[in-house]
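Enquirer: Predicted model follows, preceded by the sequence.
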Amino acid sequence: MGILEAVIEPLKAQFPLHHAVGLVVASVFAAFLVLVVVLNVLQQLLFKNPNEPPMVFHLFPVIGSSVTYGIDPYKFFFDCRAKVC
């Protein structure tokens, strides 16, 4: 019995097979997103390097603060400068 079978076996007993596939995929995707966000936030808070310039806090690792920057770049820069200084 493989690892994947050991994980899926309890799900087969709890949910009908035709409904379980979509539920499992959605659950795995949501859990992955939550894990990525939590790890990114912990990395920013716990592992600060004092020799590097300050980093703008962001939740999503790839997107970062690009949405906020794209909406109003001047406000973004002034807010970041106010936080650092």
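Expert: Everything's here; your move.
Enquirer: Could I get the full set of strands for the protein?
Expert: Using DSSP state E, no strands are found in the chain.
Enquirer: So in it, where's the weakest helix or strand by average pLDDT?
Expert: helix 3-14 (a mean of 71; mean pLDDT, DSSP states H and E).
Enquirer: Mind giving me the packing neighbours of the longest helix seen in the chain?
Expert: Identified as the longest helix of the chain according to DSSP state H is helix 17-46. Other elements packing on helix 17-46 under the criterion 3 or more CB pairs under 8 Å, 6 or more residues apart in numbering; DSSP states H and E are helix 3-14. C-beta coordinates here come from the backbone N, C-alpha and C atoms, glycine included.
Enquirer: where's the most centrally placed residue in the chain relative to residue 61, distance?
Expert: With distances taken as CA atoms, centre = their mean, the chain has residue 37 as the residue nearest its mean C-alpha position (2.4 Å). For residue 37, the distance to residue 61 equals 8 Å [CB to CB, to the nearest Å].
Enquirer: Report the contact partners of the closest residue to the residue nearest to the centre of the chain other than its chain neighbours.
Expert: Residue nearest to residue 37 in three dimensions, not counting chain neighbours: residue 59, with 5.5 Å by CB to CB, 6 or more residues apart in numbering. Residues counted as contacts of residue 59 (CB atoms under 8 Å, 6 or more residues apart in numbering) are 37, 40, 41.
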